[in-house]
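Trainee: no sequence for this one, just the structure:
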């Protein structure tokens, strides 16, 4: 590997993108998206999803046990479910709704389910997409259909479809720099175009172009080394992810309720 201008190992880059994620989530909770501060904070936050997808592809290549890796992602995706839903909606993922019907005002209670998960869920699907493509004992057609199915399932998670495809392409073209970043670009440009149509004001979706900083960061900053092997570095993101969502969710809805009361 050629000498980089700034030499950062995997652990250091992970902490950078974790900080970017925190900035992004603070913006979603408290900063208007059409403000300059909101745009800048969300732009910074675009570093996280693609970089984590890159490290999942790297993790698959280097791990000694893919099943344990997938199980770890799955467990923490499940543990993050309640904090993620609470952060997004201010309620638990399984909740009861009371409805009044009929002339006698009969109250009917029904349980509702919110199938929305955080980015760990989507990264798990990305890992499974790599696993299917690399080890699946089936035709390429079946593999493609399976990956399409995983992309559909990812619509219940954060960074849907994007992190599945980025994980897959960054693994497939791991040894072909040009093809790897071309594939990354086309997935990213699709994301940017979609965001421009989602928001009422086109310019409020411009923060999505932040994903294109990731190839530059990885090319010029990542030295290809893992850094310290201490367990703290391995487990920090898994623990920090649900914990920060829970804390921000409580603060977000507490501030919201104070605003209503005042």
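Mentor: Ah, there it is. The structure presented is a predicted model; accordingly, all values stated were derived computationally and were not measured.
Trainee: CA atoms for contacts and neighbours, from now on please.
Mentor: Will do.
Trainee: Do a quick rundown of the helices in the stretch 51-200 of the chain.
Mentor: Along the stretch 51-200 of the chain, counting by DSSP state H, counting those that start in this stretch, helices occupy 66-79, 81-89, 119-135, 140-153, 162-172, 177-198.
Trainee: average pLDDT for the longest one?
Mentor: Think helix 177-198. For helix 177-198, mean pLDDT is 91.
Trainee: Beyond it, next helix or strand please.
Mentor: As assigned by DSSP states H and E, the chain's next helix or strand after helix 177-198 is helix 213-221.
Trainee: Can you point out the buried residues in stretch 29-36?
Mentor: By 16 or more other C-alpha atoms under 10 Å, the buried positions in stretch 29-36 come out as 29, 31, 33.
Trainee: what does that stretch contact?
Mentor: With C-alpha atoms under 8 Å, 6 or more residues apart in numbering as the test, stretch 29-36 has contacts from 27, 37, 38, 39, 204, 248, 249, 252.
Trainee: picking up where we left off before, I'd like to know which of the helices of the stretch 51-200 of the chain lies nearest to residue 208.
Mentor: helix 177-198 (5.5 Å; C-alpha to C-alpha).
Trainee: how many degrees apart are that closest one and helix 213-221 in direction?
Mentor: Calculated by axes from the mean of the first three to the mean of the last three C-alpha atoms, to 10 degrees, helix 177-198 forms an angle of 150 degrees with helix 213-221.
Trainee: buried sites along helix 177-198?
Mentor: Judged by neighbour count (16+ other C-alpha under 10 Å), helix 177-198 contains these buried residues: 180, 181, 183, 184, 185, 187, 188, 191, 192, 195, 196.
Trainee: can you check stretch 141-152 too?
Mentor: Using 16+ other C-alpha under 10 Å as the test for burial, stretch 141-152 gives 143, 146, 147, 148, 150, 151.
Trainee: Geometrically speaking, which residue is the centre of this protein?
Mentor: The chain has residue 119 as the residue nearest its centroid, 3.1 Å off, counting by C-alpha atoms, centre = their mean.
Trainee: so what's that one scoring on pLDDT?
Mentor: Residue 119 carries a pLDDT score of 97 in this model.
Trainee: try the one 3 residues further on
Mentor: Looking at residue 122, its pLDDT is 98.
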